[in-house]
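Enquirer: Below is the sequence, then the predicted model.
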Amino acid sequence: MTPPIIRIEHIARYEGQEVTLRGWLQLKTGKGKLQFLRVRDGTGIIQAVVFRGNISEEEFEAAKRLPLESSLIITGIVKGDARAPGVPGGYELDVRHLQVVQEAAEDYPIGPKEHGVEFLMDNRHFWLRSNRQWAILRVRATIVKAIRDWLDDNGFILVDTPILTPAAAEGTTTLFQTDYHGTPAYLAQTGQLYNEANIFAFGKVYCFGPTFRAEKSKTRRHLQEFWMVEPEIAWCKLEELLEIEEQFVSYIVQTTLRERAAELKALERDTSHLEKVIPPFPRLSYDEAVACINEAAARGVTVPPHDDPLPPLEWGNDFGAPHETFIASLFDKPVFVHHYPSAVKAFYMEPEPGRPEVCRSADLLAPEGYGEIIGGSERMSDPDVLLAAIDRHGLPREPYRWYIDLRRYGSVPHSGFGLGVERTVSWICGLEHIRETIAFPRMLGRLNP
Ligand code: 4AD
Ligand code: MG
């Protein structure tokens, strides 16, 4: 009987049986009659033990010679309770046959020694094979699935929005311009404006895709291309929006903790902070936040990562990273900051009645210095106020005519938000830098590979 071809993730079902695995050689040690091959197959890692007496002479010689990252097919008996160092799962394969599919070149660029970040980024196509990147991207996949599951199960309809767009939605300074058969077009910064059209047909919608911002500065939190999920809800005011956001974020975090415990452990993530991410989240108005910041700045409070003094903040200015870090540090859960000054936010946010200098907006700041993971707001309902806002932001009227018209045919109070996937992955995995949260990051000064 030919042994079944299996994946390492299912190895426990086959203890004592002969199976075939297909994968890549990650590490090799051994001497004399015994070779230990650490093999990776995409679903897990196993130690394959090649003993000279159990295998043909040619196959043993091939194993001994085999360069790292060679692809191979191995057949052997699954042994339980192995304590191979660095190999999770506790199983090993007692090898009886070994077939080399492609013998890798000897000079695989990534070795066990420390490499610089630029070198690793140049070799991202190989770096992805490392255990750490594997763990991060598996966490990402689970976060994405949790996002979709929660929205699909809570009455939201997925409606995809365009990537080639005629106008800015999140400020004109971060637009990527391209040519649309002789007309300038821009890569979408957001799908929100289209979501706002879609709610009139579907009530609750979301779009989920890549978005583009030509960010001009290098930071640990900004990509040029990032994935954003944007729910938009008819008949929804700001207060209800925040309740939806906290349910959503807590579901994503708790699902990931449950389903990716092994990966988070491999990343040495202290998950005690994440376990506390349960509604309700604290809410702080922008006014209150500014007061807290200035009181602390006067006391000489410093903020991570470099313990620089917290700068004071004049009312009306947007937060910098140290302000976000400081505000988040006051709580052990994500915190909503609401009612920002209208002047620092996008044109479409509803002004607070009787206090138009602030808008019905809220950002969600993640704990531990991970910064803003969600931006959201109630949307402007009055077509004349909206037109005035478009003028005030120096935006052309024509490309927004359809958007303004939405307010003339059955307008309702509505709200929505956008959650950045990579910021969320950074936070949940506890990463220093956003570059590791997506397979091929697009950053200032880097388009390759
Ligand atoms: O706050 P932002 O700009 O909000 C919007 O785009 C709204 N249209 C969303 C909506 O209401 N439908 O961006 C939302 C989130 C941020 O909180 C952040 O998580 C992420 O998108 N984000 C970025 N992530 C990585 N790199 C960048 N350059 C990002 N810019 C924003
Ligand atoms: Mg924002």
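Expert: The structure has been received and is ready for your questions. Ligands and ions are numbered 1, 2, ... in the order given.

Enquirer: okay, CA-based contacts and neighbour counts for the rest of this
Expert: Noted.

Enquirer: Tell me, how many residues neighbour the closest residue in space to residue 215 that isn't next to it in sequence?
Expert: Excluding the flanking residues, the one nearest residue 215 by CA to CA, 6 or more residues apart in numbering is residue 174, at 5.6 Å. Residue 174 has 16 neighbours, counted by other CA atoms under 10 Å.

Enquirer: Check which residues of the helix or strand harbouring residue 25 are buried.
Expert: In this assignment (DSSP states H and E), residue 25 forms part of strand 18-31. The neighbour-count check on strand 18-31 (16 or more other CA atoms under 10 Å) flags 18, 19, 20, 21, 22, 23, 24, 25, 26, 27, 28 as buried.

Enquirer: what pLDDT does the first one get?
Expert: Note on residue 18: pLDDT of 98.

Enquirer: Over to the fourth one?
Expert: The pLDDT attached to residue 21 in the predicted structure is 98.

Enquirer: Touching, it and residue 11? I think so.
Expert: No. Assessed by CA atoms under 8 Å, residue 21 is found out of contact with residue 11, at 9.6 Å.

Enquirer: near ligand 1, which residues of the chain show up?
Expert: Applying CA under 6 Å from any ligand atom, we find that the chain lies next to ligand 1 at 190, 192, 213, 221-224, 226, 228, 230, 372-377, 416-420, 423.

Enquirer: which among the buried residues of strand 18-31 gets closest to residue 322?
Expert: residue 26 (40.8 Å; CA to CA).

Enquirer: measure that closest one to ligand 1 for me?
Expert: In this view, residue 26 and ligand 1 are 32 Å apart by CA to the nearest ligand atom, to the nearest Å.

Enquirer: Run through the residues that contact that residue.
Expert: Contact analysis of residue 26 by CA atoms under 8 Å, 6 or more residues apart in numbering lists 37, 38, 39, 40, 68, 69.

Enquirer: Make a markdown table from these and add neighbour count and secondary structure to it.
Expert: Below are these laid out as a markdown table (neighbours: other CA atoms under 10 Å; DSSP: H, G, I helix; E, B strand; the rest coil):
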| residue | neighbour count | secondary structure |
| --- | --- | --- |
| 37 | 25 | strand |
| 38 | 23 | strand |
| 39 | 29 | strand |
| 40 | 24 | strand |
| 68 | 22 | coil |
| 69 | 21 | coil |
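
Enquirer: on that earlier part again, check the residue nearest to residue 215 and give its pLDDT.
Expert: So, for residue 174, pLDDT stands at 95.

Enquirer: which other residues reach stretch 1-20?
Expert: Contacts for stretch 1-20 (CA under 8 Å, 6+ apart): 21-22, 41, 43-46, 73-80, 91.

Enquirer: Need the distance between the two termini of that stretch.
Expert: 12 Å (CA to CA, to the nearest Å).

Enquirer: and what of stretch 202-221?
Expert: The first and last residues of stretch 202-221 sit 33 Å apart, counting by CA to CA.

Enquirer: Would you mark the buried spots in that stretch?
Expert: Across stretch 202-221, burial judged by 16+ other CA under 10 Å covers 202-215, 221.

Enquirer: Among these, name the ones in strands.
Expert: Secondary structure from DSSP state E places 204, 205, 206, 207, 208, 209, 210, 211, 212 of those in strands.

Enquirer: Burial check on residue 352, number of neighbours?
Expert: 16.

Enquirer: I'd guessed it sits against residue 341; true?
Expert: No. Taking contacts as CA under 8 Å, residue 352 lies outside contact range of residue 341: 10.0 Å.

Enquirer: just the helices in the stretch 51-200 of the chain please.
Expert: With DSSP state H, counting those that start in this stretch as the criterion, the stretch 51-200 of the chain has helices at 57-65, 117-122, 124-127, 131-153, 192-202.

Enquirer: With respect to residue 243, which of those lies nearest?
Expert: Of the helices of the stretch 51-200 of the chain, the one closest to residue 243 (CA to CA) turns out to be helix 131-153, at 14.0 Å.

Enquirer: Which secondary structure elements does the closest one sit against?
Expert: helix 238-259, helix 261-266, helix 421-429 (3 or more CA pairs under 8 Å, 6 or more residues apart in numbering; DSSP states H and E).

Enquirer: got a list of contacts for the last one?
Expert: Helix 421-429 has contacts (CA under 8 Å, 6+ apart) with 136, 139-140, 143-144, 221, 226-229, 253, 264, 267, 269, 274, 366, 368, 370, 372-373, 432-434, 437-438.
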